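Undergrad: Okay, predicted coordinates and the sequence, questions at the end:
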2 protein chains.
Amino acid sequence: MNAAIRSPQPPLTRSVEDYLKSVFHLTSQGGFATTSDIAEMLEVAPPSVSGMMKRLSETGLIEHVPYRGVQLTPQGRRAALQMIRRHRILESYLTSKLGFDWGDVHVEAERLEHAVSEKLIERMADALGEPRYDPHGAPIPTAAGEIEEAELVTLAETAVGSSVVLQEVGDENTERLHYLAEQGLIPGVHLTVIDRQPFNGPTIVRLGDGTTRVVGQELALLLFCRSIDGE
Amino acid sequence: MNAAIRSPQPPLTRSVEDYLKSVFHLTSQGGFATTSDIAEMLEVAPPSVSGMMKRLSETGLIEHVPYRGVQLTPQGRRAALQMIRRHRILESYLTSKLGFDWGDVHVEAERLEHAVSEKLIERMADALGEPRYDPHGAPIPTAAGEIEEAELVTLAETAVGSSVVLQEVGDENTERLHYLAEQGLIPGVHLTVIDRQPFNGPTIVRLGDGTTRVVGQELALLLFCRSIDGE
DNA sequence: TTTGAGAATTAGGCTAGCCTAATGCCCTGT
DNA sequence: ACAGGGCATTAGGCTAGCCTAATTCTCAAA
């Protein structure tokens, strides 16, 4: 007889959507998302997070273990995946239909994802041919809420001598993305790991066209690769 | 030395954008927008409007004459026209590029207009070839903030025997728009006014294809026409 | 010229989200 | 076993926007 039970789906606010997305990303490797990690990701103060976590666990979107952290409930996960689908479809659409640069789309999508209707997203997805990856190579959840989980390894971890395909660029910084694109380090490119300097030094790779690149550790950690050795 | 003077452009909130748009529409025939008209248009209580009007006149976006009403300042008008441009470009884009129905685009655009960047709007406008009218025939303000002001007359006011072109449909109700489209009463259509029943009765028109339509007064008041007699 | 209906405003209160300062909990290192 | 650092939470406050109830203003009609 109380509101929480009766109301089926009070639409989520922008803030709530952002918190859910953060928790999803922070728990993608399993475990709990901590208050301070969420606070840092959303650029708010930790007490703001504590307050929101309380609200969200009351509405059943997250599970909160005080002083430990939070995890998404199935319902929260569904909502988070929906937001991520929106975000990645938007990025894809802006890139391929409106000529946006892959370094710029993140910010734009971040604002739009809270305002687009389901219908618009599906129209965009349709116009794009139901893409499976966004411009950065990240998998796009299906409308049903399924997301591909690939076993990827960062370029910094690859074995010297191995061959990989750059699958996903885990970054959203405009300048870094511009630089990477200039270097030809974009999803889908084939890389052969030629060498790696010691003490967290750069990795040297050969691209498909035979040219080589020296990739510092900071960037190498953002380049998620799929091995193609054994296949 | 105070904040209002120093800060160049504190970005407007969604609410503020909506209020400015309302005031623009309510003052388009000149005069003042009243508190209760704004309240009705935005579906809020009159005191909410009074409060907002106070804020907006303090920030220089409107001119408030207490107990009389409000008007936009040049700065407020600029902001309002920018929102209207966004709205109409969005409607146009959704209609022609994503297959939305002209009856549905209003709601969608209403949500998106607060979230899109200037850059995205200009990309859309570009992709559309800088359209001058939205799907309902309403003029789209230029990026510079100019808007066409046409002398239009509603179909209910046209002289029997005259010839007109349906220029703009002043409605945003989905069902009515669907009905009008079915009847072929869409912007650009050529109409000859054959007859009008007395006592606010319907207007009978002939379309370009020779078929006739009986248009009740309620709808006829929404159909803005341009005369083509004298030309 | 007064009066009263109707519109506008002021008074006072609520929620969502944010903040800082104060307090509480947990765990590791001695 | 416990002291202290570090993270989390609670306490208390703020703004934007909304609300209802009470008050004030305006103007037209008697």
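TA: Okay, I see it. Numbering: from 1, shown residues only, chains lettered A, B, ... in the order given.
Undergrad: most residues in a single helix of chain A, which one?
TA: As assigned by DSSP state H, the longest helix anywhere in chain A is helix A:74-98.
Undergrad: hmm, that helix in reach of chain B?
TA: Yes - judged by C-beta under 8 Å from any C-beta of the partner chain, helix A:74-98 comes into contact with chain B at A:94, A:97-98. The way it works is simple: take the backbone N, C-alpha and C, and place the C-beta from them, glycine included.
Undergrad: residues touching the residue in chain A that chain B sits nearest to, list them.
TA: Closest approach between chain A and chain B, counting by C-beta to the nearest C-beta: residue A:115, at 3.9 Å. When contacts are counted by C-beta atoms under 8 Å, 6 or more residues apart in numbering or on different chains, residue A:115 touches B:111-112, B:114-115.
Undergrad: State the helix or strand in which it lies.
TA: For residue A:115, there is no host helix or strand (DSSP states H and E).
Undergrad: Same question for residue A:37.
TA: Going by DSSP H and E, residue A:37 is part of helix A:35-42.
Undergrad: How about residue A:165?
TA: Going by DSSP H and E, residue A:165 is part of strand A:163-169.
Undergrad: returning to that earlier point: name the residues of the longest helix of chain A that come out as buried.
TA: For helix A:74-98, the neighbour count (16 or more other C-beta atoms under 10 Å in any protein chain shown) marks A:76-77, A:79-95, A:97-98 as buried.
Undergrad: Stretch A:54-63 close to DNA strand D?
TA: Yes - under the criterion of C-beta under 7 Å from any atom of the strand, DNA strand D is reached by stretch A:54-63 at residue A:54.
Undergrad: Just confirm yes or no for that stretch near DNA strand C.
TA: Yes - using C-beta under 7 Å from any atom of the strand, we find that stretch A:54-63 touches DNA strand C at residue A:55.
Undergrad: what's the following helix or strand after the helix holding residue A:37?
TA: Criterion used, DSSP H and E; the element after helix A:35-42 is helix A:46-58.
Undergrad: And the strands in chain A?
TA: Along chain A, counting by DSSP state E, strands occupy A:62-65, A:69-72, A:153-154, A:163-169, A:190-196, A:203-207, A:212-215, A:223-227.
Undergrad: out of those strands, nearest to residue B:169?
TA: For residue B:169, the closest of the strands of chain A is strand A:69-72, at 45.5 Å, according to C-beta to C-beta.
Undergrad: now for that closest one, which elements pack on it?
TA: On a contact count with 3 or more C-beta pairs under 8 Å, 6 or more residues apart in numbering or on different chains; DSSP states H and E, strand A:69-72 meets helix A:14-26, helix A:46-58, strand A:62-65.
Undergrad: Just name the most buried of these.
TA: Ranked by mean neighbour count, those are led by helix A:14-26 with a mean of 20 (mean count of other C-beta atoms under 10 Å in any protein chain shown).
Undergrad: and the angle for that helix with helix A:74-98?
TA: Angle, helix A:14-26 to helix A:74-98, by axes from the mean of the first three to the mean of the last three C-alpha atoms, to 10 degrees: 100 degrees.
Undergrad: Which elements pack onto helix A:14-26?
TA: helix A:35-42, helix A:46-58, strand A:69-72, helix A:74-98.
Undergrad: got the residues of chain A near DNA strand D?
TA: A:34-36, A:39, A:46-47, A:49-51, A:53-54, A:64, A:66-67, A:69.
Undergrad: now with 6 Å?
TA: A:34-36, A:46-47, A:50, A:53-54, A:66-67 (C-beta under 6 Å from any atom of the strand).
Undergrad: JSON lines for those, including distance to residue B:186?
TA: Shown next, in JSON lines, are the residues of chain A next to DNA strand D (distance: C-beta to C-beta, whole Å):
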{"residue": "A:34", "distance to residue B:186": "57"}
{"residue": "A:35", "distance to residue B:186": "56"}
{"residue": "A:36", "distance to residue B:186": "57"}
{"residue": "A:46", "distance to residue B:186": "56"}
{"residue": "A:47", "distance to residue B:186": "55"}
{"residue": "A:50", "distance to residue B:186": "55"}
{"residue": "A:53", "distance to residue B:186": "52"}
{"residue": "A:54", "distance to residue B:186": "52"}
{"residue": "A:66", "distance to residue B:186": "60"}
{"residue": "A:67", "distance to residue B:186": "63"}
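Undergrad: Having no further points to raise, I will conclude here.
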